[in-house]
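Student: have a look at this fold, sequence not included:
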């Protein structure tokens, strides 16, 4: 059994704000680069909808993910992004079964 924690996040940017939100998300993910608990942090543009952004997270555990998001250096990014979104992000927990690196 796999103990990884994974999320797929759907964010809908206000019209014309997707690139700005992506910049914020990429900056927000920089602290994860040196965090061995973060296996994947991937920001993607939706290929069909010009306002949708997908963010995929894969962590060694839910606790590690929660701890990383609670760090003070991450909070300002959240505050910057929220006003640029249509509503709150949709977050779906998924259970990784296997594949490369798992």
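Tutor: Received it, and whenever you're ready, just let me know what you need. Remember, predicted model here, so these are calculated numbers, not experimental data.
Student: for residue 27, what are its contacts?
Tutor: residue 77 (CB atoms under 8 Å, 6 or more residues apart in numbering). C-betas here are computed from N, CA, C, even on glycine.
Student: list the pairing partners of the helix or strand that contains residue 11 within its sheet, with orientation.
Tutor: Assigning secondary structure by DSSP states H and E places residue 11 in strand 5-12. Partners of strand 5-12 in the sheet, by DSSP bridges, are strand 52-59 (antiparallel), strand 90-94 (antiparallel).
Student: buried ones in stretch 35-42?
Tutor: Judged by neighbour count using 16 or more other CB atoms under 10 Å, the buried positions of stretch 35-42 are 35, 38, 39, 41.
Student: let's verify the third one: helix, strand, or coil?
Tutor: The assignment at residue 39 comes out as strand when based on DSSP: H, G, I helix; E, B strand; the rest coil.
Student: pretty sure it contacts residue 60?
Tutor: Yes. Look at residue 39 against residue 60 with CB atoms under 8 Å: they come within range, at 6.7 Å.
Student: now the common contact residues for these two.
Tutor: Common neighbours of residue 39 and residue 60, counting by CB under 8 Å, 6+ apart, are residue 4.
Student: contacts for the helix or strand of the chain with the lowest mean pLDDT?
Tutor: In the chain, no helix or strand scores lower on mean pLDDT, DSSP states H and E than helix 75-81, which sits at a mean of 92. With CB under 8 Å, 6+ apart as the contact definition, helix 75-81 has outside contacts at 11, 21, 24, 25, 27, 28.
Student: switch to 6 Å and redo it
Tutor: The contact list for helix 75-81 (CB atoms under 6 Å, 6 or more residues apart in numbering) reads 21, 24, 28.
Student: deepest-packed of the strands paired with strand 5-12, please.
Tutor: Most buried of the strands paired with strand 5-12, by mean neighbour count (mean count of other CB atoms under 10 Å): strand 52-59, with a mean of 18.
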